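*Asks:* The sequence and its predicted three-dimensional model are supplied below.
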Amino acid sequence: MVDQGQIKVGMSQDAVYIAWGEPSDVLNSETPQGRITTWLYYGTAMLEDRYWRYGRTARLTRDFYPQDYVQYEVVFAEGKVVRWQTLPKPLN
């Protein structure tokens, strides 16, 4: 699975690192069950901004700009994946 860039529940942090690379952010927390580590992976979506431009005539103009967002979230307990999820791209 690692060679194909896939992860699953039960994998070690090392295996996820090999499959997906270095996380964009690492969050640490604690619950009554123990310490939790969350890895966040960011993606970039191109968002569209539409507006009217006025001159001799009015015309609809579009600009695109990049927006970073959390694309994947992987949660570890005791060094093993307990859950992971893919998050949606932001909407225009």
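*Replies:* Thanks, I have the structure now.
*Asks:* Check what pLDDT whatever residue is furthest in space from the centre of the chain gets.
*Replies:* What lies farthest from the middle of the chain is residue 56; by Cα atoms, centre = their mean that is 43.7 Å. You'll see residue 56 listed with a pLDDT of 91.
*Asks:* Distance check, it against residue 70.
*Replies:* 44 Å (Cβ to Cβ, to the nearest Å). Placement of C-beta: from N, CA and C, glycine included.
*Asks:* Next, work out how far apart the residue nearest the centre of the chain and residue 20 are.
*Replies:* A centroid search over the chain (Cα atoms, centre = their mean) returns residue 71, at 1.9 Å, as the residue closest to the centre. The gap separating residue 71 from residue 20 is 10 Å, by Cβ to Cβ.
*Asks:* ok, now residue 46?
*Replies:* Distance of residue 46 to residue 20, computed by Cβ to Cβ: 22 Å.
*Asks:* And those two? Which one has more around it.
*Replies:* Neighbours were counted for residue 46 and for residue 20 using other Cβ atoms under 10 Å; residue 20 has more, 17 against 10.
*Asks:* got a list of what that one touches?
*Replies:* Contact analysis of residue 20 by Cβ atoms under 8 Å, 6 or more residues apart in numbering lists 5, 7, 41, 72, 74.
*Asks:* next one: the host helix or strand of the last one to chain centre, how far?
*Replies:* Per DSSP states H and E: residue 74 is located in strand 58-77. Using Cα atoms, centre = their mean, to the nearest Å, the distance from the centre of strand 58-77 to the centre of the chain it belongs to is 10 Å.
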